[in-house]
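Undergrad: I'll drop the sequence and a predicted model, then ask my questions.
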Amino acid sequence: MSEAIVKTVRVPLIALDSNLRVKTANRSFYETFKVRPKETENKLLYDLGNRQWDIPKLRTLLGEILPHKNMFEDFVVEHDFETIGQKIMILNARILQQGPEKKPLILLSIEDITERKKAEEERRWLERQKDEFIGIASHELKTPVTSIKAYTQILQHRFQKAGDMKSAEMVGKMDAQIDKLTSLIGDLLDVTKIEGGKLQYHEGPFDFNELIGEIVEEMQRLTTKHTLVQQLTKSRTITGDRDRIGQVITNFLSNAIKYSLHADTIIIKTKTDKEGVTLCVQDFGCGISKSDQEKLFKRFSRIIASDQKAYPGMGLGLYITSEIIKRHNGKIWVESEKGKGSTFCFSLPLKQ
Amino acid sequence: MISRKKKIILAEDNLAIVDALTIMLEEFGYEVIPIVDGNTVKDKLKEKPDLVLFDLWMPGWNGRDACRHLKSNEDTKDIPVIIISADRDIAQLAKEAGTDDFIAKPFQIEDLLAKVEKYLD
Ligand SMILES: Nc1ncnc2c1ncn2[C@@H]1O[C@H](COP(=O)(O)OP(=O)(O)OP(=O)(O)O)[C@@H](O)[C@H]1O
Ligand SMILES: [Mg+2]
């Protein structure tokens, strides 16, 4: 019976008697360790192939742990073999009682995971490289942007002083474009950090409505088309990362402005109850179909509508937003009807 | 009344940023001592600046240690220090380094001037 078991299994497997003499081994074992049955069967395990199986850890496993527990599982052993070089293996063993005399038979499987381990390390290394690269790239991008922005603002100041308002206005527009670039770089950096689990949160108590007020005021300055209407309930103090929650509100508002080109009102509503606060941003723009709503919060997801050319973007805003809300133990959702508008909401618990 | 121009040490390794910031600060009536190499900061401190503005990370310069040095030294501990950095976690870094204030890169000219003024009045 043991013979049949050993032969059917695809992982390298050998059967040993209680003296650790090889009874049989399967094809996979011979192939993996480049040995022949003739020089293997009926030999003592530790004597095989120039004693290359005389591995201290294996001695401990077979000599001490196995007799004690009748089995061992998933032991990783690394060993430099004379014939096949450095290998990483996972060892599993069981003792079976055989025949009427209940002769013990040791089944030892030796899975070669060297390649898998290498591939995994390679993958992890690449992942780290990628994270590092995007991190450095974003940082490096900010440096020239900083000087461009500084020069731009000096120019604007000079034009204003000289009374050349037309030029000052143009340079002001340049400055606004630089800000857009900055926020794109910031988003890229955030995504990198989220992926690497390295986005830092600095928590503290802050007044919810005050934050909303600040952001609405700032966003109102950026749109002449829309009126941002605040319908806020009594404010609460919440604990969280003020800047990051501000980033969430900014994202909702900038989307609402961007995706409701032909509407003129955006409503910011809050609700408070025992559990927490809820904020919703409602627009009367293009809306999102039911099937598309599920994809919104995924990374890089953008709804490519027939009128897609009108809406530039990287599809990162809502992904970052939902990650921030998740980290605050909050919820995020959307209600929308195609052609009528959308309402994006998040809620945060008062106690984290 | 003749008032002495306020002196600002500006330590930053990016030449374009140093150039732009120097123009900007001079235009608003400050005297700027630009430094692009962290090692010379300590020397320049002898010129008794009214304020130090520096990038947290530059070659030959550990912003955090430098700030601690400034703040623990009797002669320099009262000089206001503002760090400028592109790091998003700049607020935290500023706190750790014990600086008086911080400005994130890229910055709005008004924000920078407001902070500088705040410490020089
Ligand atoms: N208020 C809204 N109305 C209609 N569609 C929206 C609205 N907000 C988001 N969407 C849809 O969800 C998609 C994802 O939004 P998200 O903010 O993540 O990315 P984006 O706006 O395309 O780019 P960016 O990364 O610059 O924010 C958008 O491409 C858009 O199709
Ligand atoms: Mg967006």
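TA: Received it, and whenever you're ready, just let me know what you need. Ligands and ions are numbered 1, 2, ... in the order given.
Undergrad: residue ranges for the helices of chain A, please.
TA: Using DSSP state H, the helices assigned to chain A run over residues A:2-8, A:27-33, A:48-51, A:56-60, A:66-69, A:114-162, A:165-195, A:208-222, A:242-258, A:290-293, A:317-327.
Undergrad: just for chain B, where's the confidence low?
TA: B:1-3, B:58-61 (pLDDT under 70).
Undergrad: hmm, 50 instead?
TA: Of all residues in chain B, those with pLDDT under 50 make up the ranges B:1.
Undergrad: That one against ligand 1: which residues are in contact?
TA: Taking Cβ under 6 Å from any ligand atom as the criterion, chain B does not approach ligand 1 at any residue. To be clear about C-beta, it is placed using only N, CA and C from the backbone, and glycine gets the same treatment.
Undergrad: What parts of chain B come near chain A?
TA: Where proximity means Cβ under 8 Å from any Cβ of the partner chain, the interface of chain B facing chain A comprises B:14, B:16-17, B:19-21, B:23-24, B:27, B:86-89, B:91-92, B:105-109.
Undergrad: Please flag which of the residues you listed sit within helices.
TA: In helices, judged by DSSP H, the following of these are found: B:Ala16, B:Ile17, B:Asp19, B:Ala20, B:Leu21, B:Ile23, B:Met24, B:Glu27, B:Ala91, B:Gln92, B:Ile109.
Undergrad: Write the PyMOL selection for whichever of those are buried.
TA: If you want just the buried ones from those in PyMOL, going by 16 or more other Cβ atoms under 10 Å in any protein chain shown, the selection is:
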select buried, chain B and resi 17+20+21+24+109
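Undergrad: May I see the ones in helices among the residues of chain B next to chain A organised as JSON lines, with distance to ligand 2 added?
TA: Shown next, in JSON lines, are those (distance: Cβ to the ion, whole Å):
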{"residue": "B:Ala16", "distance to ligand 2": "30"}
{"residue": "B:Ile17", "distance to ligand 2": "29"}
{"residue": "B:Asp19", "distance to ligand 2": "35"}
{"residue": "B:Ala20", "distance to ligand 2": "30"}
{"residue": "B:Leu21", "distance to ligand 2": "32"}
{"residue": "B:Ile23", "distance to ligand 2": "35"}
{"residue": "B:Met24", "distance to ligand 2": "32"}
{"residue": "B:Glu27", "distance to ligand 2": "37"}
{"residue": "B:Ala91", "distance to ligand 2": "25"}
{"residue": "B:Gln92", "distance to ligand 2": "27"}
{"residue": "B:Ile109", "distance to ligand 2": "27"}
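Undergrad: those helices in chain B, which residues are they?
TA: For chain B, the helices identified by DSSP H occupy B:15-27, B:41-44, B:63-72, B:90-97, B:109-120, in order along the chain.
Undergrad: Out of those helices, which gets nearest to A:Leu105?
TA: The closest approach between A:Leu105 and any of those, judged by Cβ to Cβ, belongs to helix B:90-97 at 62.0 Å.
Undergrad: residues touching the nearest residue to A:Met219 once chain neighbours are set aside, list them.
TA: Using Cβ to Cβ, 6 or more residues apart in numbering or on different chains and skipping the chain neighbours, the partner closest in space to A:Met219 is A:Leu253 (4.6 Å). For A:Leu253, the set of contacting residues under the criterion of Cβ atoms under 8 Å, 6 or more residues apart in numbering or on different chains consists of A:Ile215, A:Val216, A:Met219, A:Leu228, A:Ile266, A:Ile268, A:Val281.
Undergrad: Quick one: neighbours of the second one, just the number.
TA: This points to A:Val216. Other residues within reach of A:Val216, judged by other Cβ atoms under 10 Å in any protein chain shown, total 20.
Undergrad: same question, the last one
TA: One way to gauge burial is a neighbour count; for A:Val281, by other Cβ under 10 Å, it gives 23.
Undergrad: and it, bridged to which residues?
TA: In this structure, A:Val281 bridges to A:Ile268, A:Phe344 when assessed by DSSP bridges.
Undergrad: just checking, it touches A:Ile267?
TA: Yes: shown here, A:Val281 and A:Ile267 form a contact pair, counting by Cβ atoms under 8 Å, at 7.4 Å.
Undergrad: What's the separation between A:Met170 and ligand 2?
TA: Summarising the geometry, the distance separating A:Met170 from ligand 2, computed by Cβ to the ion, to the nearest Å, is 26 Å.
Undergrad: if we can go back for a sec, right, so of the helices of chain B, which gets closest to A:Glu195?
TA: Shortest separation from A:Glu195 across the helices of chain B is recorded for helix B:90-97, at 20.7 Å, computed as Cβ to Cβ.
Undergrad: Can you point out the buried residues in the closest one?
TA: With burial defined by 16+ other Cβ under 10 Å, the residues of helix B:90-97 counted as buried are B:Ile90, B:Leu93, B:Ala94, B:Ala97.
Undergrad: helices or strands next to that helix in the packing?
TA: helix B:63-72, strand B:81-85, strand B:101-104 (3 or more Cβ pairs under 8 Å, 6 or more residues apart in numbering or on different chains; DSSP states H and E).
Undergrad: Now mean neighbour count too, for the ones you listed, in CSV please.
TA: Compiled in CSV, the helices and strands packed on helix B:90-97 are given as follows (neighbours: other Cβ atoms under 10 Å in any protein chain shown):
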stretch, mean neighbour count
helix B:63-72, 17
strand B:81-85, 23
strand B:101-104, 19
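Undergrad: Contacts only, for the residue most central in space within chain B.
TA: With distances taken as Cα atoms, centre = their mean, B:Leu53 lies nearest the centre of chain B, 0.5 Å away. Taking Cβ under 8 Å, 6+ apart as the definition of contact, the neighbours of B:Leu53 are B:Ile8, B:Ile9, B:Leu10, B:Ala11, B:Glu12, B:Leu21, B:Val81, B:Ile82, B:Ile83, B:Ile84, B:Val116.
Undergrad: that older thread, indicate which one of the helices of chain B is closest to A:Glu101.
TA: That would be, of these and by Cβ to Cβ, helix B:90-97, which comes in at 71.6 Å.
Undergrad: Give me the angle between that closest one and strand B:81-85.
TA: With axes from the mean of the first three to the mean of the last three Cα atoms, to 10 degrees applied, the angle from helix B:90-97 to strand B:81-85 works out at 140 degrees.
Undergrad: got a list of contacts for helix B:90-97?
TA: With Cβ under 8 Å, 6+ apart as the contact definition, helix B:90-97 has outside contacts at A:200, A:202, A:243, B:56, B:63-64, B:67-68, B:83, B:85, B:87, B:101-104.
Undergrad: Among those residues, which one lies nearest to A:Ile288?
TA: Within the contacts of helix B:90-97, the smallest distance to A:Ile288 is 27.5 Å, found for A:Asp243 (Cβ to Cβ).
Undergrad: any idea how far B:Asp121 is from the residue nearest to B:Asp100 when sequence neighbours are not counted?
TA: Taking Cβ to Cβ, 6+ apart as the measure, B:Asp100 lies nearest to B:Pro80, with 4.7 Å between them; neighbours along the chain are not counted. The gap separating B:Pro80 from B:Asp121 is 11 Å, by Cβ to Cβ, to the nearest Å.
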